[in-house]
Structure formats: structure tokens, C-alpha cells
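J.: quick one: sequence plus predicted model below, questions after.
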Amino acid sequence: MTLKIGMIGLDTSHVSIFAKMLHDKSHPYHVPGARVTAAFPGGSPDFELSINRVEGYTKELAAWGAEILERPEDVAKQVDAIMLEAVDGRSHLALFRSIAPYCKQVFIDKPFAVSSKDAREIAELAEQYQVTVMSCSSLRYAQGLQDELARGGVDDIIGVDCAGPLPLQPTQPGFFWYGIHAAEMLYRVLGTGCVSVHVAATELHEVLTAVWNDGRIGTIRGNRAGNDRFGLTVHRAEASSFVDIMEHPKPYYASLLDQIMKMFTTGVSDVPLSETLEIVRFLEAANASRETGENVRLDDSDRT
């Protein structure tokens, strides 16, 4: 049986990337057994990187045979699973609210939401309608990172230092735009339990230091100085290992799609929603700290 997938929000390159891997049998990382059969374009008029890309990706999906519909709920009613791809995290709550009554498996691309208030409401709707929800950055499943964790396990990890580009986007506050990628790598290694965050920021660089409830420390170095590569150093009790996230030939989007399809077929998400909610609080705390320069506790960051 071919799984029917609906796409909501056709304003990101992820639309094209995922569609090609699902539809093109000659793609080196083709995923069989599913097709995008319906889609809703969406787009945010006040977000140039959203609204200016809708037309092109809509035409591309239509060329793959997807039916372009006028309402997100119309898509949800006729598919088996949803990929909510809208690049604007501000729109995710409203879009999810419209589709939740009609679908059982939904992948929400990053950022899950840009406030804890919205994130909690999405989680409440998911519980109300018994929808399995998964949300994350593709960097969480970068093959190099997966290989490192498989090689050494996680039991003796005492810390991790993550690095990556940190461009800013006014409509997606602070760390929510690109900081989400490094945050997902950080949480993939250390898991939940962060209690406080501090950010030192200049025009071109930001360094985040996060403390976990068991004393482990993780860092994120974000830059706007021209280095666009992602990487991380995993610190273990006996040694430290650097992972160049972009070195492995398998694209991290392909690894993410493997996990999404696993969730769509099993109904079980690899990323607990509780972890996603903590990551939203983490990013809020980071934004609060980068504005004030002060240490911010996560239990103080979800009051909005």
C-alpha cells in the first residue's frame, strides 16, 4: 500500500528535498512506499523568505502529481499523514489546529513553535485528538552524529560543544531561526534536563553555555562571520571526539526522512513531545539571556 502524504506550507526548500526523495526512484536516497498526494501552499506575507518561495514549490509539487487545495483541513481529510513544512514557526499553531481533528500522524518541521504558549497548545491539541506529533531539525539525525553515538554510546558523555551558523530572522526570534539546529544536536547528545542558560553575544558571534540538572555542561557557538559548517565535539570521561556534521555523504535530510517515515508507519515518534517542549523553553531562555546578558533558568522561561 502506498502511503498518502499531505504537505502543509510550501515555502521552504524542505518541500522540494522531501518530495524528490519520495517520488524520484533514481534518487540515491529514494524512500519507497509513499507519495505526496495533496498540499496546501500557505505562506506568510510579512516573511520574505516564506511568501516569495510559495509559487515555485507549489508548481514543483503539482508537477509531481500532488493536488493543490485551498484549505489545510481539506488536505488532512484525504491523506494518511501530514508533513507540516511551513517555514514560519508562528503559523504552526493555527495550521495544526485546523488539521488535528482529521489526521493521526503529523511531522512539524522546525521550529515547532516560537513560544512555549503556542507549543503547549499544540501539545494539548495533539493529546485531545490523539495525534502522534514529531518535530525536530534534520541535524539531530546527521549520519556522522548517529555514528559517533552508536560507536561510543551515551552513558559516559560528560558534555558537548556544538557549533554552526547563526543568522538572524526578525520574524523568528533569536535562536529560533538557525539556533534550533545546534540546539537539536545538543539535546540529541545530552537529552532533557537543562536547568539554566547563559548567552554572551556580539555582532558576529554568540556563545551559549547550558547547565544540566546532573552537572553536565553543553555549549553552542553560533556565528555570523562566514563559517557555515555545523560540527560538534563530544566529551566523554576518557576522551573527546570531533564530528564534522557535513562530512558524511548521506544528507541529514535523508536521515530525517527515514525517521519521519518510520513514525508515519508505526505511529511512534522517536522524539518525545516532552523533549520538544523543553527545547522551545531552552530557546526562549537563550533569547532572554542574549538580550540581558544574564543567566536564565528554564523554569522561568515558559511564562509567555
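T.: Yes, it's here.

J.: which stretches of the stretch 151-300 of the chain have low pLDDT?
T.: Applying pLDDT under 70 to the stretch 151-300 of the chain flags the ranges 300.

J.: mind listing the strands for it?
T.: 157-165, 194-201, 205-212, 217-223, 231-236, 240-244, 296-297 (DSSP state E, counting those that start in this stretch).

J.: got those as TSV, with distance to Met21 and mean neighbour count columns?
T.: Quick note: C-beta positions are derived from backbone N, CA and C, even for glycine. As requested, those are exported to TSV (distance: least, C-beta to C-beta, whole Å; neighbours: other C-beta atoms under 10 Å):
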stretch	distance to Met21	mean neighbour count
strand 157-165	23	21
strand 194-201	33	20
strand 205-212	32	19
strand 217-223	28	21
strand 231-236	24	20
strand 240-244	23	14
strand 296-297	39	18
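
J.: turn those strands into a markdown table, including distance to Glu278.
T.: Formatted as a markdown table, the strands of the stretch 151-300 of the chain follow (distance: least, C-beta to C-beta, whole Å):
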| stretch | distance to Glu278 |
| --- | --- |
| strand 157-165 | 16 |
| strand 194-201 | 7 |
| strand 205-212 | 11 |
| strand 217-223 | 13 |
| strand 231-236 | 19 |
| strand 240-244 | 23 |
| strand 296-297 | 13 |
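
J.: among the ones you listed, which is nearest Gly267?
T.: strand 194-201 (28.4 Å; C-beta to C-beta).

J.: for Thr304, give me the pLDDT.
T.: On pLDDT, Thr304 comes in at 42.

J.: for this structure, which helix is longest?
T.: helix 273-292 (DSSP state H).

J.: what are the buried residues along that one?
T.: 273, 275-290 (16 or more other C-beta atoms under 10 Å).

J.: so who does the residue of the chain most remote from its centre touch?
T.: In terms of distance from the mean C-alpha position of the chain, Glu238 ranks first, at 31.4 Å (C-alpha atoms, centre = their mean). By C-beta atoms under 8 Å, 6 or more residues apart in numbering, the residues touching Glu238 are Asp156.

J.: Glu48 versus that one, what's the distance?
T.: 49 Å (C-beta to C-beta, to the nearest Å).

J.: over to Leu95?
T.: For Leu95 relative to Glu48 (C-beta to C-beta), the value is 20 Å.

J.: these two - which one has more neighbours?
T.: A count of neighbours by other C-beta atoms under 10 Å puts Leu95 above the other of Leu95 and Glu48, at 24 against 11.

J.: name the element that one belongs to?
T.: According to DSSP states H and E, Leu95 maps onto helix 92-99.

J.: got a list of what the residue lying closest to Asp228 once chain neighbours are set aside touches?
T.: Distance criterion C-beta to C-beta, 6 or more residues apart in numbering; nearest residue to Asp228, sequence neighbours excluded, is Pro165 at 4.7 Å. Going by C-beta under 8 Å, 6+ apart, Pro165 touches Tyr178, Gly222, Asn223, Arg224, Asn227, Asp228, Arg229, Phe230.

J.: one more: Leu84?
T.: Neighbours of Leu84 in contact, by C-beta under 8 Å, 6+ apart: Ile8, Gly9, His92, Leu95, Phe96, Ile99, Val106, Phe107, Ile108, Asp109.

J.: name the nearest residue to the fifth one, sequence neighbours excluded.
T.: Meaning Phe96. That would be Ile122: by C-beta to C-beta, 6+ apart, it lies 5.2 Å from Phe96.

J.: just confirm that neighbour is within a helix.
T.: Yes - using DSSP: H, G, I helix; E, B strand; the rest coil, the assignment for Ile122 is a helix.

J.: Val133 versus that one, what's the distance?
T.: Taken as C-beta to C-beta, the span from Ile122 to Val133 is 7 Å.
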